[in-house]
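Student: Structure of the sequence below:
(chains A, B, C and D, ligands or ions: 4)
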Amino acid sequence: MKSWIENIDKPIKYALGFIVLVLIVGNIYTLINLGTMPFFSPNYLLQQLQVASFLGLIATGMMVVILLGHIDLSVPWTLTCAAMTATAVGGDGAMLAGLTAGLIIGLINGIGVAFLRVPSMIFTLGVNTVVQGLMIVHTGGYAPQTASTPIMNFLATGYIAGIPTALFVWAAIGGLIIFMLNRTPMGRYLYAMGNREVAAYLSGVNTRLILIAAFVICSLCAAMAGILLAGYSAKAYQGMGDLYLLPAIAAVVIGGTNILGGKGTLAGTVVGAILIVLLQSVLSVMQMPEAGRQIIYGSVIIGMLLVYGRAEKKES
Amino acid sequence: MVEQVAHKRADDSDLILQLEGISKRYGGVKALSQVDFSCKKGSIHAILGENGAGKSTLIKIISGVVQPTEGTLKVAGQVQQFASPTQASEYGVVCIFQELSLIPDLSVADNICITDPPRNRFGLIDKAEQIRVATDLLARVNCADVNPRELVKNLPLSRRQMVEIAKALGRKPKLLILDEATSALSAADVEKVYEILRGLREEGLTMLYISHRMHEIEELADRLSVFRNGEHIETFDKGARSNDEIIEMMIGREYSSVFPPKPTHDDKLLTVLEVENLSWDGRLNNVSLTLGEGEIIGLGGLDGQGQHEILLALFGVLRGYEGKIKLHGKEVAMGSPKQAKSDGSIALIPEDRKTEGLMLPMSIQDNISIATLDQLTKGLIIDKSAEAAKIAEMIEKMSIKIGNVDDAVATLSGGNQQKVVIAKWLMTGAKIVLLDDPTRGIDVGTKQELYQLFRDLADSGHSIILYSTDYDELIGCCDRVSIFYQGEIIRELTGDEINETNIVAASLNMEISGQQAGTMP
Amino acid sequence: MSNFKIWMASNWRLFLAIGIFCLIYGTYSFLHPAGGSSRLFVQNSNESFVLISVAMAQTLPVLTGGLDLSVGSVMTMINALASNVVNGSPTEVFLGIILCLCSAALAGFINGCIIVYGRLQPIIVTLATGAVFMGIALFLRPTPGGEVDGDLSFAATFDLNEIFFTYGWPLPEWFENSLGLIPTPVVLIVIVVLVIWVPFKNSVTGRGCYAVGSAEGAAYMSGLNVDRSRLAAYTLAGLFAGIGGLYLALQTGSGNADIPQAGAYTLNSIAAVVIGGTSLYGGIGGVVGSIFGAMSLRAISFNFRVFDADGPLGFISDPLLQPLFEGSILLIAVSAGAARVFSIKNRLNLFGS
Amino acid sequence: PTYVDGPGALPACFTPWAEDTKFMQWEKKEGPFKVAVVNGFVGNSWRIQMVQTAKAYVEQPEIASQISEFKIVSTGTDAAAQLGAIEDFINQGYDAIITIAVSPTGFDRAIRIADRNDVVLVPFDNILDTEAVMMVNEDQLLMGEMAANHLIKHIGNSGKILEVRGLAGNSVDRDRHLGFRKIMEAAGNEFEIIEVVGNWDDGQAQKVTSDALAVHGSFDAVFTQGGSTGTVRAFMEAGHKFVPTAGEAENGFRKLIALHSDEGLKGLSMGQTPGLGAISIKAALSALNGEVMPQLISVPIPFADYNTLVDGENFWSDLSDNFFTANEFPPCDVNISAIEIMAQSKDDSQ
Ligand SMILES: Nc1ncnc2c1ncn2[C@@H]1O[C@H](COP(=O)(O)OP(=O)(O)OP(=O)(O)O)[C@@H](O)[C@H]1O
Ligand SMILES: Nc1ncnc2c1ncn2[C@@H]1O[C@H](COP(=O)(O)OP(=O)(O)OP(=O)(O)O)[C@@H](O)[C@H]1O
Ligand SMILES: [Mg+2]
Ligand SMILES: [Mg+2]
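Tutor: Numbering: from 1, shown residues only, chains lettered A, B, ... in the order given. Ligands and ions are numbered 1, 2, ... in the order given. The predicted model follows:
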């Protein structure tokens, strides 16, 4: 029986290690400049986890699609659309409306990929621009309300027993996904199709249904994240999702999910999301110029993957 | 062993290839251990062995695809270490691999001249010259009818294999290796290959020939080497050993007749499946057949005459077919494999197990249970214990040789992979089993087990449709055989009519005098 | 099958792309008061050049079954570099251009190396290197500006006559009103295609790219140098993207490390490649198709400028509806290939690669 | 155009940027004119509001009568496309083209062609680093200085300041920053200024502000270039006391000031008005009529602080946080108030 350390798969181990590294570097910086070490303070870490839960939610959904060997580039405006719909409708129905918007976009993506067989990479890209167009008409034409409802605010910024509510939301949805992946046929089919869609199809799997379901899950996660983000800023606004697409993909991949599908764990994605949020935060605090940020950001992703690659090689 | 010593002494000048103490490990698996092996110039040298005996590995080492863990390799007396197939081919060692090495999206000509095409004075590929070269080579393998401009992906499998051979010849080999190069070919095509290979032998070319079809080897080989569990058992001239001896060497145990006895059906079989005037896309024309409970019917004929399509149609893969498919007398519109599975309790063992039958990187157990998950699900949740139990049962029943059920199915050898596919379907409790050339690339021992299995299934009330490119199987296994020709069934053979002459004759649509030619359907 | 049939069958995607382009651009130039005039072609080709070269860049990785999410960044990086080095004496300008093209190729080569020797997935590698290149661009050009040789930028962005005018070369009479009217950017594209793409496509390495994209295992088994083809593909991608960046510098006479712009170009390049008939699964397609794909994308937004606001289709020129139309047309265009899906009779053929 | 001596027309509206600002004149053309607005990026509230305002402005009878054709296109953040669009409209024979430059450089060619065809090209908001065209903008440096002075007025000459900057590499960000620092770093001031980048985006501004708070503990005052609402929210989240804050003119920010000014949110809200587009159109028209125009037109910076905020007048507590409050400019007869833009469709939103 291997010790639990060995049981954690490589990517997660390395990512965790890197997270610690980032925090240490950050603290050294502040220690030198301010004489404090705020990055280990629980309230900073909780705050980061709160922010991470937005990215984490999106990455969770993205991972489900990536497991199929597909990708969803429509996330940024799915998220924005959900947030704007929610705030425009307002009241008790707000969140439901937002999620419905997500559901519809997910269905469109799924149908496009499953029935028209357009590569997801390009179809979702198109859907993204279409939704953006719709939102511009929405804002420009109808001057909708954009204030988030109290419950959205609470979910995004509230605390339960000193722990951010957003974290609970993330945990709950993450839990559902983990359950789906490990215990239900749907999960098994996802991995199977990610490895070989034809073989799954010829085994009598309803591959179209799975495809659509996956894209719907992804869009729903994005929509939920949008609703939380609206709660976080107390409002929905144009382009609020633009900065979440690439980090989400990066989080999934840094978490050890194979971008070609068929292999990956949600635990990894969670760690990946936290890593990225922390990295961004520390760099921002260090007042690193944009140029430096971009370079570090890119180097980290490649570095991690190269390390994983070596690890895989050693194993085999 | 006497033999071995004997040919060690033979002087090395006429040996084009010598292996000494070659071993190969894949992680834990020992694919080859301490192999000494050599082969004479200008001979056709057959290599036999069960699945996983190490044949392909041997080939891969000789042709530089993988490097041996230990041992030395001599070509024409010179010690060589090939780092890649390219390097090997520079020394005249050219290989036709078990997995085809053609590029589907390139033209036949491009493929034939893929490695070093004719160049024009700018050093660019000379398309016209390339066409010419390709045309010549195609003619040389009697495939003048193939248009060198055609994309490979538009060719039927049998044609592709000929192109593969043409391509190999284009590289002016001294030692040509064919790893189950004929496994997809039907009798007629194989004949062509024989002629070509014999011709090449006249030209002084040496050939290593791997096949699981005994009669091919008898026809072709001068010398035979038998491998088992990664070891070189013995090498001898053709005729020095009887078939049964050879087969026993391969499987390492007593060996009885390959095919289980056929029961004599009283002709009142309860019909489970009826096909009436099925037509599709010009490739199936008014095909009608009936399948009785406990019956094994065979589909014969040259490759690509519609046998593959009829199976797909029955499994709900083909869109817009005309005609009727009736299950237990009830007509059903087959729309998807899922429907075929659930409504018809039909199973299909697909033609290409690696791409259509298996998720190679996934574990053996995941592959076996994938088709049965819906049955194994309580509420939303997969009942893992029940799953494990059933899988263990299937592995036991099919006697699949595995290390651990968690291992990737990719690490199994051909035969065992095929067993996994079949196990997957039997686990669903399918009643009608469609077999699409199920024994391609599978060794005699395993074949025998499978034939027995098919018969047992039939006796236990399953009904089987078996398409095979190897007519021995049709003869040995089937209660009835329908011969396809250009999308139609042109002959139906039953009982004693099922014999080599009739099948070959019918396949080529030749009239043969007398009743024995079988009855028109 | 007859040679002609085969030829048609293997090129229908390209013809579809050309068709789409003619349709969209036709409408535009029909409605445009200056439709069909040389200066309009000059303007249109100018506007399209950068997207075209970025689309060309994207094509090669896609052919090998990969993807390059860094084309936009490389384009921007070279644009920033050019605004620093492409000025001064003719020699300096010349050397500057060489430096730009070399750095572009180098950037692509680095992508290739990481992908091939690091055995990593192109999409994610280039996502990361894209960020790095963007960072370098920001270092080279923290705020928009810089200087690019004026004469050159004028000569490169008008018609052939302009070259003679700018450098005061004698202009042959017959030339002025015939060939002279051809837009320089068009000529540049043609040159790039003839001098780089056509030879490459007909080289062993180039054909290797198709082979790798179509069936990597088979390509390797056939003794093709899989790695070299991949490296070449990404290197050329870098080069093409660099040409785009260089041209943008000439066009704007300056450099600008604009992150959103880089992202937009990357995404549009993918769309262009797909509309151009190159399969995202690799092995099928080519640079020429992508050129038409890119021009189609551009032509879509051209149309917003010519539809009469009061006319029956006036709503098309409603500024707040434009993004929606643009998106919808893009979506329809990329789904055009899907028509094929419904004609497929064997469902197994639905599972592309 | 030719460079002439001032004074120019309507000085109240077309205020020259500085004493040394040159004046330009185009030869008078006969109306009605063809006018196009070439916008860049459109995916944010400010741009949308700008487009709305411009549309509403030209629909007013007295303007409509002067315009025969009016088009607005958005080219996205793509220099090539924007330059192309401008050249295209010139080719179509438009008389005036108003534009928000995607990049402050690179328009030489467009300008040259415009001049060659006597087309009046008017960049505004993100203006160009050139004197060859007539441009309309607010003084970004001044805005930075106003922010600094406001903070100094409330916290004196020392303290710990948070500066939330805008989009990196953008000229507006650069100028506001420089103006701000000029005052803050003047002799006699003892400020510790912490800089973070919020990209004028509420979400980001909020995130980076929270980070800064978590790390630096507390601040005495804030200058936030945009996403001001987010910045303030971050303070509220962190339970940090309200501090004097200078920020943009978003309705949301003003709502917050109005609510919390007595708790210490001594706010100054000033900003770039989406009305600039309308003003630029007016400037273009008057140039086409042969008037003498300043080369660089300075539009007064609309601002309000916690003392001067009046609900329903310079902010609207019942409307969305996102739109920009300062919209109308009586001296230019640009009288489309933000509320009109909102109202024009408020009803059909339900
Ligand atoms: N890439 C690999 N990784 C791990 N094990 C392998 C690999 N390739 C082959 N093996 C193992 O090595 C042994 C020999 O395999 P090989 O393919 O040579 O058998 P074979 O004689 O060619 O069988 P077949 O007749 O089915 O082709 C088998 O046990 C197989 O499982
Ligand atoms: N089976 C294969 N199919 C396709 N490409 C392959 C295959 N095997 C190797 N290659 C390609 O050929 C290149 C060289 O293969 P090889 O296995 O010799 O690499 P290597 O340098 O020996 O790796 P290592 O350092 O792990 O030994 C690899 O980088 C890979 O891109
Ligand atoms: Mg083998
Ligand atoms: Mg090696």
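
Student: Look at the closest residue to chain A within the stretch 51-200 of chain D and say how many residues are nearby.
Tutor: Nearest to chain A in the stretch 51-200 of chain D, going by C-beta to the nearest C-beta, is residue D:168, at a distance of 4.2 Å. C-beta coordinates here come from the backbone N, C-alpha and C atoms, glycine included. Using other C-beta atoms under 10 Å in any protein chain shown, residue D:168 has 18 other residues around it.

Student: So it: helix, strand or coil?
Tutor: What DSSP: H, G, I helix; E, B strand; the rest coil gives for residue D:168 is coil.

Student: who touches the residue in the stretch 201-350 of chain B that chain D sits nearest to in this structure?
Tutor: Distances between the stretch 201-350 of chain B and chain D by C-beta to the nearest C-beta are smallest at residue B:319, namely 41.4 Å. Contacts for residue B:319 (C-beta atoms under 8 Å, 6 or more residues apart in numbering or on different chains) come out as C:344-347.

Student: which residues in the stretch 201-350 of chain D form strands?
Tutor: Applying DSSP state E, counting those that start in this stretch to the stretch 201-350 of chain D gives strands spanning D:221-224, D:245-247, D:267-270, D:292-294, D:296-298, D:303-305.

Student: give me the element residue B:234 is part of.
Tutor: Secondary structure assigned from DSSP states H and E places residue B:234 in strand B:231-237.

Student: Output the set of residues of chain B in proximity to chain A.
Tutor: B:27, B:315, B:317, B:336-338, B:340-342, B:348, B:350, B:355-362, B:366, B:369-371, B:373-374, B:377, B:380-382, B:424, B:428 (C-beta under 8 Å from any C-beta of the partner chain).

Student: List the beta-bridge partners for the nearest residue to residue B:422 once chain neighbours are set aside.
Tutor: Spatially, and ignoring its direct neighbours in sequence, residue B:422 is nearest to residue B:349 (5.8 Å; C-beta to C-beta, 6 or more residues apart in numbering or on different chains). Judged by DSSP bridges, the bridge partners of residue B:349 are residue B:435.

Student: State the distance from residue B:349 to residue D:260.
Tutor: According to C-beta to C-beta, to the nearest Å, residue B:349 and residue D:260 sit 73 Å apart.

Student: So which of these two has more stuff around it?
Tutor: Using other C-beta under 10 Å as the criterion, residue B:349 and residue D:260 rank with residue B:349 on top: 22 against 18.

Student: Just give me the residue right at the centre of the chain.
Tutor: Using chain A. residue A:59 (1.9 Å; C-alpha atoms, centre = their mean).

Student: Chain D is the one I meant
Tutor: Centre-nearest of chain D using C-alpha atoms, centre = their mean is residue D:272, 2.3 Å out.

Student: okay but that residue is in contact with residue D:175, surely?
Tutor: No: counting by C-beta atoms under 8 Å, residue D:272 does not reach residue D:175; the two are 11.3 Å apart.

Student: quick one: low-confidence parts of the chain?
Tutor: Unless you meant another one, I'm taking chain A. Across chain A, the stretches falling below the confidence threshold (pLDDT under 70) are A:1-8, A:310-316.

Student: wrong one, chain C
Tutor: For chain C (pLDDT under 70), the answer is C:1, C:352-353.

Student: Quick check, the residue in it closest to ligand 1?
Tutor: Per C-beta to the nearest ligand atom, residue C:217 is where chain C lies closest to ligand 1, at 12.0 Å.

Student: Pull up the pairing partners for the strand holding residue B:234, direction included.
Tutor: When DSSP bridges is applied, strand B:231-237 pairs with strand B:223-228 (antiparallel).

Student: Whichever residue of the stretch 201-350 of chain C sits closest to chain A - nearest residue in space that isn't next to it in sequence?
Tutor: Closest approach between the stretch 201-350 of chain C and chain A, counting by C-beta to the nearest C-beta: residue C:324, at 2.8 Å. The shortest distance from residue C:324 to any non-neighbouring residue, by C-beta to C-beta, 6+ apart, is to residue A:133 (2.8 Å).

Student: Same question for residue D:42.
Tutor: Using C-beta to C-beta, 6+ apart and skipping residues adjacent in sequence, the residue nearest residue D:42 is residue D:74, 3.8 Å away.

Student: Any buried residues in the helix or strand hosting residue A:215, and which?
Tutor: For residue A:215, the host element (DSSP H and E) is helix A:207-233. For helix A:207-233, the buried set under the neighbour-count rule, 16 or more other C-beta atoms under 10 Å in any protein chain shown, comprises A:207-208, A:210-233.

Student: part of a helix, is residue B:286?
Tutor: No: applying three-state DSSP, one finds residue B:286 to be strand, outside a helix.

Student: any idea how far ligand 1 is from it?
Tutor: The gap separating residue B:286 from ligand 1 is 38 Å, by C-beta to the nearest ligand atom, to the nearest Å.

Student: got the angle between the helix or strand hosting residue B:19 and strand B:231-237?
Tutor: Using DSSP H and E, residue B:19 sits within strand B:15-26. If you take axes from the mean of the first three to the mean of the last three C-alpha atoms, to 10 degrees, strand B:15-26 sits at 160 degrees to strand B:231-237.

Student: Adjacent strands (with direction) for strand B:15-26?
Tutor: Sheet pairing here is set by DSSP bridges, and for strand B:15-26 it gives strand B:29-40 (antiparallel), strand B:70-75 (antiparallel).

Student: hmm, it touching ligand 1?
Tutor: Yes: against ligand 1, strand B:15-26 shows contacts by C-beta under 6 Å from any ligand atom at residue B:26.

Student: How far away from the center of its chain is that strand?
Tutor: Computed by C-alpha atoms, centre = their mean, to the nearest Å, the chain-centroid distance of strand B:15-26 equals 26 Å.

Student: and if you look at stretch C:211-224?
Tutor: The chain centre lies 27 Å from the centre of stretch C:211-224; the measure is C-alpha atoms, centre = their mean.

Student: sorry, back to before: please pick the buried ones from the contacts of residue B:319.
Tutor: Buried by 16+ other C-beta under 10 Å: C:346-347, out of the contacts of residue B:319.

Student: Could you identify the most distant pair in the contacts of residue B:319?
Tutor: The largest separation in the contacts of residue B:319, counting by C-beta to C-beta, is between C:345 and C:347 at 8.2 Å.

Student: joint contacts of these two?
Tutor: B:318-319.

Student: re the thing from before, counting neighbours, show which residues of the strand holding residue B:234 come out buried.
Tutor: Residues of strand B:231-237 classed as buried: B:232-236 (neighbour count, 16+ other C-beta under 10 Å).

Student: following that strand, which helix or strand comes up?
Tutor: helix B:243-251.

Student: Contacts for that next one next, please.
Tutor: Applying C-beta under 8 Å, 6+ apart, the external contacts of helix B:243-251 come out as B:48-50, B:53, B:214, B:218, B:224, B:226-228, B:233-234, B:241, B:254-255, B:443-445.

Student: could you point out which element follows that helix?
Tutor: With elements assigned by DSSP H and E, the helix or strand that comes after helix B:243-251 is strand B:271-280.

Student: Please save the CA atoms from that following strand in CSV.
Tutor: Taking C-alpha atoms only, strand B:271-280 is exported to CSV below (Å, rounded to 0.1, in the frame of the first residue of the first chain):
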residue,chain,number,x,y,z
THR,B,271,-36.3,-17.1,-36.9
VAL,B,272,-35.0,-14.2,-34.8
LEU,B,273,-33.8,-11.8,-37.5
GLU,B,274,-35.1,-11.2,-41.0
VAL,B,275,-33.7,-8.9,-43.6
GLU,B,276,-35.9,-8.1,-46.7
ASN,B,277,-34.6,-6.4,-49.8
LEU,B,278,-32.2,-4.2,-48.0
SER,B,279,-30.5,-1.6,-50.2
TRP,B,280,-28.2,1.2,-49.3
